[in-house]
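*Asks:* Next come a sequence and a model predicted from it.
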Amino acid sequence: MTVNFYGNIKKHTNGEGTYVPVNKTHSTLRDVLDELNVHFGDSFASFISDNEACLFLVNGKGIKHTGGLDTPVCNGDIINILPFVEAG
Amino acid sequence: MINEKYIRVLFVDMNTGKIRVELREDLMAYLGGVGIASRLLMENMNPELKPTDPEQPIVFAIGAGAYVFPVLTKTVAMFISPLTGELGESYAGARMAMAMLMAGYDALVITGKAKRHSYLSVSTDNVSVRDARAIWGLNVEETGHTLRNREHHKGDSIGKRAIIRIGPAGENGVSFACVCVDTYRHFGRLGLGAIMGSKNLKAVSIYGNRSIPILDHKKYFKVYQEIYKKCTSTDMMAKYHDAGTPINIMPLNQAGGLPTRNMQEGSFEAASDICGDSFAEKNLIRKMACTGCPVGCIHIGMYRREFDKGHEYEAINVSYDYELIFALGTFLGISSTDKIIALIDVVEKCGLDAMSTGVCLGWATDALKNGYISTEDTLVELEFGVYGGYIEAIKHLSDGTNAFYRNLGKGVKHAASKYGGGDFAMHVAGTEMAGYHTGYGSLVGAAVGARHSHLCNGGYSFDQESTKFDPDELVDKLFNEEIERCMTNSLVMCLFARKIYDRPTILEALNTIGWSLTDEDLTAIGRRILREKLLIKKALGFKQKSVKLPKRFFQTPSMNGVLNEETANMLIRKYSEKADELMNEAL
């Protein structure tokens, strides 16, 4: 499993663009984010807890109809965390 | 409006040249901006007549707090749309809100048709209908240049004057002709340009130089500074200044929500060539701001082209944004920033709405390929990724060269009704789509939004939230967000600042310029305005349940997977019930 970070998300990951979870048994996206929060700290945790900060994709797709943060994940999945798209 | 208990409305009859001013205390209940414009549109329109009938009004209005607080910079235009036959509502920045405020008018209502080609000149001490026969037929750039020289107000005009104008597309009645505001901003959508053209109204110049006292200067300045600091010293607005909205290209592309090649796909293989960073590296030359905004989100891109043999070169400067890169870029398969700027330039000069133009050309390309139309209709080859044909097609669209382009100029829904290909005519309720295919939020949001815009209720945002899909929750969110935006569009706040202008900030700011409102008042104002808009739509014959969405929305996967037509219709029905309840409320 790989997690990729894009745009301003990297301000909260010490500039890192990719992270491979240590725990290979995560079964939901929420589990993966919990590990990321521990690894990257409060700034990251606080940022992604804002509902309008990030867009999560699992294998290139949005998570609205796959369970939200409870979207199932498994080894080999690619998780992308992108800046929220806004218009005006 | 500032420290006054009435809204000052200027009425101009283009036919007689007569003007009158009304001081309307009753309009204070609508706050300003879209609120007062909705009421004035309802009062002055005639649902029995067509949108371009001379009797129909154009209403321009500024907001409570216009110009005197950061980012309250826009003017709203309301009219009956020639594209959809129902509510026309459009917003533009630049200098117009400042000019109207300094000229002394909160709203401007224009009716009638001038006897000859004319433009309207409004200033603090004079309003007159002037001869525009010499500039009728000029493109948008030439018109602006000429009027800047004419409307100089004894050398005092710089920074105090706004000029809005139409190009040949508006003169020729293209249903999605736009109005250019001070070169780089627009009343883009829904065809205000054609309505001005139908009134023989080439342009409006507004100049103002009055002084407006702020009664409690200390209190006002404290609030002003707090808002200014949020705009400039925090991350809240940084991305709009940095790469601007084109930053959205890559995330939407990765997410599969970027409409490509007439929405055959949701991602574009060349997205990285035309993303925000690419435009910044290759073409960006400066950033500008609307008057009263410290952010500077207007990105000006330049490219250099040979316009004639003999080493004749010129520099083209246009403002570019995400929606233009979508409509004239990914939607047409164009993978070069220079070529997108070239397309924007032609669209600008003609005075067309870029989004509707791109979507119409996308349909035409698909229709040509699939045999619904031929090159006898299009006059040029249209092929995704090949920009030369599109350059010529845009000019034909503006000029109405033949029956095909005159039909296409009535919008993609109309063109498909004539030639076929309705399944891939990408409109929502007659309005060409915006650049988001993110899920039920964006699709249903556009279907139920008062002006069928992604900005009515920000549906695309709800598609991105990490909560699970819940139909009732989505409908509530769309409805409540539209009410909230009705209230903020009466300020008239640039929507980029929606996180800066939370409710306490709005109340505090308005309090320093004479308003005494509560949080409940703001909600009531929002509901009152949405109700007014829904009643206007009903009076004009709009029926929510009759909206039929083109099939391709349910074929090309969105960011959140393939959408189901029955689910979309169910959501629309649920929303309609809430809208009907609001219309029946006594407010």
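*Replies:* Received, thanks.

*Asks:* Now the top helix by length along chain A: buried residues?
*Replies:* Of all segments of type helix in chain A, defined using DSSP state H, the longest is helix A:29-40. Buried residues in helix A:29-40, counted by 16 or more other C-beta atoms under 10 Å in any protein chain shown: A:L29, A:D31, A:V32, A:L33, A:L36, A:N37, A:F40. Just so you know, the C-beta spots here come from the backbone N, C-alpha and C atoms, and that holds for glycine as well.

*Asks:* With stretch B:471-486 instead?
*Replies:* Going by 16+ other C-beta under 10 Å, stretch B:471-486 has these buried residues: B:L474, B:V475, B:K477, B:L478, B:F479, B:E481, B:E482, B:I483, B:E484, B:R485, B:C486.

*Asks:* Switch those over to TSV; also include secondary structure.
*Replies:* As requested, the buried residues of stretch B:471-486 are arranged in TSV below (DSSP: H, G, I helix; E, B strand; the rest coil):
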residue	secondary structure
B:L474	helix
B:V475	helix
B:K477	helix
B:L478	helix
B:F479	helix
B:E481	helix
B:E482	helix
B:I483	helix
B:E484	helix
B:R485	helix
B:C486	helix
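
*Asks:* close enough to count as contact, A:L36 and A:F44?
*Replies:* Yes: counting by C-beta atoms under 8 Å, A:L36 does reach A:F44; the two are 6.5 Å apart.

*Asks:* Kindly report the residues of chain A close to chain B.
*Replies:* Neighbours of chain B within chain A, by C-beta under 8 Å from any C-beta of the partner chain: A:6-8, A:51-52, A:54-57, A:60-65, A:67-70, A:80, A:82-88.

*Asks:* Distance from the chain centre to the worst-scoring helix or strand of chain A on mean pLDDT, please.
*Replies:* Here the helix or strand of chain A ranked lowest by mean pLDDT, DSSP states H and E is helix A:42-49, holding a mean of 90. The chain centre lies 11 Å from the centre of helix A:42-49; the measure is C-alpha atoms, centre = their mean, to the nearest Å.

*Asks:* now, among the buried residues of stretch B:471-486, which is nearest to B:V9?
*Replies:* Comparing the buried residues of stretch B:471-486 against B:V9 with C-beta to C-beta places B:C486 closest, at 19.5 Å.

*Asks:* how close does B:K578 sit to B:L324?
*Replies:* 33 Å (C-beta to C-beta, to the nearest Å).

*Asks:* the more surrounded of these two?
*Replies:* B:L324 (26 against 15; other C-beta atoms under 10 Å in any protein chain shown).

*Asks:* gap between the spatially most central residue of chain A and B:M559?
*Replies:* Geometric centre of chain A, nearest residue: A:I81, 4.5 Å, by C-alpha atoms, centre = their mean. From A:I81 across to B:M559, the span is 14 Å (C-beta to C-beta).

*Asks:* picking up where we left off before, could you give the separation of the longest helix of chain A from the chain centroid?
*Replies:* Distance of helix A:29-40 from its chain centroid, counting by C-alpha atoms, centre = their mean, is 8 Å.

*Asks:* Give me the contacts around it.
*Replies:* By C-beta atoms under 8 Å, 6 or more residues apart in numbering or on different chains, the list of residues contacting helix A:29-40 from outside reads A:1, A:3, A:12-14, A:19, A:21-23, A:26, A:44-45, A:48, A:56, A:58, A:63, A:69-71, A:73, A:79.

*Asks:* Quick check on the residues you listed: which are buried?
*Replies:* With burial judged by 16+ other C-beta under 10 Å, the buried subset of the contacts of helix A:29-40 is A:1, A:3, A:12-13, A:19, A:21, A:26, A:44, A:48, A:56, A:58, A:63, A:71, A:73, A:79.

*Asks:* Taking the stretch 101-250 of chain B, what residue is nearest to chain A?
*Replies:* B:N248 (4.7 Å; C-beta to the nearest C-beta).
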